[in-house]
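A.B. asks: sequence isn't available, so here's the structure alone:
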Ligand code: FAD
């Protein structure tokens with residue numbers, strides 16, 4: 001699947017009548033494609049950039065109920081999300097893993113420990129999984145020795161889960177395609193087609209990828225008009241742009257959330273830590289993730305145009321750094337410890353709240369002239385959003401769809417026996433979670449000497465070969481930032497290892513020397529501009 005020349009094959013086959021065209025290849029679009037195919041619909045997904053290049057590769061990577069949303073009394077959202085967390089943990093181990101959180105309690109906290117305890121009890125009750133516990137100060141410090149001691153009264157430990165967000169999108173998307181759906185990246189919806197009666201009936205798409213075997217990276221820009229009974233706008237923060245095509249006023253508020261990535265040896269966390277920012281008491285966290293520590297997040301208005309990649313501002317960097325210095329003073333962290341950063345834009349429904357963090361995170365569906373916009377929500381609840389969306393378009397597709405909220409998320413569990421025996425258990429589980437039923441094909445693609453991790457990461461060299469051969473990589477940034485996360489997990493965006501990968505990448509993608517040079521330069525510029533510190 002998605003081997004050399006696949007995009008041209010898909011492009012030449014998509015000019016046909018579809019039941020559903022889904023615009024946007026983040027988790028929302030991927031989830032809708034997955035459920036549409038299960039319901040027997042003929043469905044196509046188009047993504048303007050790379051799959052998961054939007055917010056779905058820039059989240060905090062938590063599969064969670066959103067403990068903090070309880071503060072805003074969003075009980076229904078939390079209940080749905082914790083149940084989804086439990087389901088994903090059960091079915092997707094290796095891709096979705098449990099994560100222990102410590103929440104230290106200080107004498108200076110505005111919210112007293114007994115209130116946090118009551119909220120955690122509710123959180124566990126909603127999940128039907130009693131897992132939190134209070135520890136005294138010495139026990140909490142034994143869990144995390146470099147916590148600030150000043151005023152420490154003790155703290156809670158509770159459990160949530162974490163994932164690799166982009167890989168979750170790929171697993172869902174690829175299972176949908178294996179089961180008969182169609183998906184194509186670097187294909188932008190540039191115009192919504194309407195009948196004379198102003199009913200949406202399709203989209204014009206433009207090819208944003210370079211022609212096959214091109215020596216440079218300029219997009220081909222060929223176009224096609226595609227017809228569908230239903231068009232779904234799953235473009236997240238970009239949602240209002242397509243809605244303006246059918247003359248609908250903007251309804252989304254774009255809020256940026258940014259993260260710092262710090263090497264493990266500077267913040268050696270075994271468990272996540274959640275605390276309140278000293279200046280505004282917003283919740284902040286530091287999470288261990290694949291050998292690095294992620295620190296987040298902010299919640300600020302995003303005024304920059306969405307044609308540009310979102311970038312952390314220097315104000316956000318200082319804000320997150322000051323929270324770190326407050327909770328881990330002994331580590332003496334400074335700006336020099338920041339290895340990389342990333343920023344994503346939340347598409348939240350604009351109700352004009354002064355404090356952005358008070359805007360609801362629930363998802364909404366707007367059916368306007370036959371264009372269904374699905375916006376808001378969370379990575380964790382993608383399946384519920386997908387089923388709600390398809391229920392809303394049943395009449396338009398002219399079928400009573402079989403949609404089940406309690407169906408399994410993934411196709412049947414992957415089988416371990418295909419992986420080489422010498423692979424250590426932790427890496428086996430990781431691969432099974434990420435590649436699911438494709439594990440046999442991946443195992444057969446492994447070449448001698450490529451079963452070892454790339455230095456400083458858990459990514460195997462064989463995953464690079466597999467991604468280039470079979471996972472629709474168009475640009476080097478797709479490989480470094482989404483198929484793998486080396487661009488975030490290694491110093492300088494992985495610049496020290498990227499040249500060692502050149503032969504595999506060029507062999508599999510049939511890139512010439514000049515294409516490699518274009519790709520390397522473009523990736524390196526992008527990383528410095530958008531995944532490091534604001535200039
Ligand atoms: P996106 O992932 O943005 O996908 C939309 C896609 O549409 C993009 O890839 C874009 O390129 C494409 N597109 C746009 N215009 C066009 C066009 N004209 N034609 C074709 N394609 C187009 N949720 C959690 O559950 N857990 C978390 O820990 C968490 N942390 C978060 C942290 C931050 C900072 C943010 C911002 C969000 C977080 N979320 C979290 C929420 C979650 O990440 C989002 O709800 C989710 O990723 C949105 O997915 P999406 O598919 O709707 O949007």
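C.D. replies: Nice, thanks for sending it over. The shown structure was predicted, so the numbers you read here are calculated from the model rather than taken from an experiment.

A.B. asks: helix, strand, or coil at the residue of the stretch 251-400 of the chain found nearest the ligand?
C.D. replies: Nearest residue of the stretch 251-400 of the chain to the ligand: residue 257, at 2.3 Å (Cβ to the nearest ligand atom). C-beta: built from backbone N, CA, C; applies to glycine. Three-state assignment for residue 257 (DSSP: H, G, I helix; E, B strand; the rest coil): strand.

A.B. asks: what sits against it?
C.D. replies: Residue 257 makes contact with 58, 60, 296, 297, 298, 299, 343, 344, 345, 346 under the criterion Cβ atoms under 8 Å, 6 or more residues apart in numbering.

A.B. asks: could you dump these to a markdown table with pLDDT, distance to residue 8 and neighbour count?
C.D. replies: Shown next, in a markdown table, are the contacts of residue 257 (pLDDT from 0 to 100; distance: Cβ to Cβ, whole Å; neighbours: other Cβ atoms under 10 Å):
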| residue | pLDDT | distance to residue 8 | neighbour count |
| --- | --- | --- | --- |
| 58 | 98 | 29 | 26 |
| 60 | 97 | 37 | 19 |
| 296 | 95 | 39 | 26 |
| 297 | 94 | 39 | 23 |
| 298 | 96 | 41 | 22 |
| 299 | 93 | 42 | 18 |
| 343 | 98 | 33 | 25 |
| 344 | 98 | 31 | 23 |
| 345 | 97 | 32 | 21 |
| 346 | 93 | 35 | 24 |
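
A.B. asks: among those residues, which are in helices?
C.D. replies: Using DSSP state H, no member of those falls within helices.

A.B. asks: get me the contact residues on this protein for the ligand.
C.D. replies: For the chain, the residues in contact with the ligand (Cβ under 6 Å from any ligand atom) are 23-29, 46-49, 53-56, 59-62, 64, 188-189, 234-238, 242, 257, 297, 344-346, 377-380.

A.B. asks: go through these and flag which are in helices.
C.D. replies: 27, 28, 29, 242.

A.B. asks: so the last one sits against residue 21, correct?
C.D. replies: No: judged on Cβ atoms under 8 Å, residue 242 makes no contact with residue 21 at a distance of 11.6 Å.

A.B. asks: all helices of the stretch 301-450 of the chain, in order?
C.D. replies: All helices of the stretch 301-450 of the chain, identified by DSSP state H, counting those that start in this stretch, fall at 314-327, 382-392, 394-397, 425-435, 439-445.

A.B. asks: which residues does the third one contact?
C.D. replies: Meaning helix 394-397. The contact list for helix 394-397, computed with Cβ under 8 Å, 6+ apart, reads 19, 20, 41, 229, 230, 370, 400, 401.

A.B. asks: show me what the lowest-mean-pLDDT helix or strand in the chain packs onto, helices and strands only.
C.D. replies: Lowest by mean pLDDT, DSSP states H and E among the helices and strands of the chain is helix 113-127, with a mean of 87. Helix 113-127 sits against helix 75-91, strand 96-106, strand 152-163, with contacts defined as 3 or more Cβ pairs under 8 Å, 6 or more residues apart in numbering; DSSP states H and E.

A.B. asks: can I get those in JSON lines including mean neighbour count?
C.D. replies: Output for the helices and strands packed on helix 113-127, formatted as JSON lines (neighbours: other Cβ atoms under 10 Å):
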{"stretch": "helix 75-91", "mean neighbour count": "20"}
{"stretch": "strand 96-106", "mean neighbour count": "20"}
{"stretch": "strand 152-163", "mean neighbour count": "20"}
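
A.B. asks: mind putting the ones you listed in a markdown table, mean pLDDT and distance to residue 139 included?
C.D. replies: A markdown table is the format used below for those (pLDDT from 0 to 100; distance: least, Cβ to Cβ, whole Å):
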| stretch | mean pLDDT | distance to residue 139 |
| --- | --- | --- |
| helix 75-91 | 89 | 26 |
| strand 96-106 | 96 | 10 |
| strand 152-163 | 96 | 7 |
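
A.B. asks: thinking again about what came up before, among the ones in helices among the residues of the chain next to the ligand, the buried ones, what's the ChimeraX command?
C.D. replies: Entered in ChimeraX, the line below selects the buried ones among these, by 16 or more other Cβ atoms under 10 Å:
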select :27,28,29,242
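
A.B. asks: among the ones in helices among the residues of the chain next to the ligand, show me the least confident.
C.D. replies: Least confident of those in the model: residue 242, at 95.
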